[in-house]
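Student: A predicted structure for the sequence below; I have some questions about it.
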Amino acid sequence: MSEERRLKRIDELIHRFVADLLRKELDTDALVTISSVTTTGNIQDCAIGITVFPFEKSKEVLKEIEKNIYEIQQEINKNLKMRPVPKVTFKIDESQEKGDKILRTLDKIEIKEED
């Protein structure tokens, strides 16, 4: 199996597991989705990008996740059938919010042109 294909499969495995874990364990009224999973080539680290709706709750949700990062990592270590298991970190994916901001700006421009 090629290295690139192996990393893609690892990313997919982590994505499915962590998404399910966050859905069950995260106590928030915001919608949280995983937008990206990127595992390093040596499989030591994994960065997980999350998207939060409404975006204003992003920092609150990230703070809650980071507060429970040890338990999340332990669940990953215990349940994923792979070695080594990468150390996960979470970050807010702001691309959706940036895209929405651009669309709102374009809508304003279109409205001004129609006047």
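Tutor: Cool, the structure landed. Nothing here was measured: the structure is a model prediction, and the numbers come from that model. Numbers count the residues shown, from 1 in each chain.

Student: Can you name the residues bridging to the residue lying closest to residue 19 once chain neighbours are set aside?
Tutor: The shortest distance from residue 19 to any non-neighbouring residue, by C-beta to C-beta, 6 or more residues apart in numbering, is to residue 34 (4.9 Å). C-beta here means a position set from N, CA and C on the backbone, and glycine is covered the same way. Counting by DSSP bridges, residue 34 forms beta bridges with residue 50.

Student: residues contacting residue 34?
Tutor: When the contact criterion is C-beta atoms under 8 Å, 6 or more residues apart in numbering, the partners of residue 34 are 15, 18, 19, 22, 48, 49, 50, 51.

Student: repeat that for 10 Å
Tutor: For residue 34, the contact set (C-beta atoms under 10 Å, 6 or more residues apart in numbering) comprises 14-16, 18-19, 22-23, 48-51, 90, 93.

Student: same deal with residue 55?
Tutor: Taking C-beta under 10 Å, 6+ apart, one finds 30, 92, 94, 96, 97, 100, 101 in contact with residue 55.

Student: do you know how far it is from residue 92?
Tutor: As for residue 55, its distance to residue 92 is 9 Å (criterion: C-beta to C-beta, to the nearest Å).

Student: Got phi/psi on residue 12?
Tutor: Torsion angles at residue 12 (phi, psi; degrees, to the nearest 10) stand at phi -60, psi -40.

Student: Would you mind pulling up the elements that the helix or strand bottoming out on mean pLDDT in the chain packs against?
Tutor: For the chain, using mean pLDDT, DSSP states H and E, the weakest element among its helices and strands is helix 95-114, scoring a mean of 72. Counting contacts by 3 or more C-beta pairs under 10 Å, 6 or more residues apart in numbering; DSSP states H and E, helix 95-114 packs against strand 31-39, strand 45-53.
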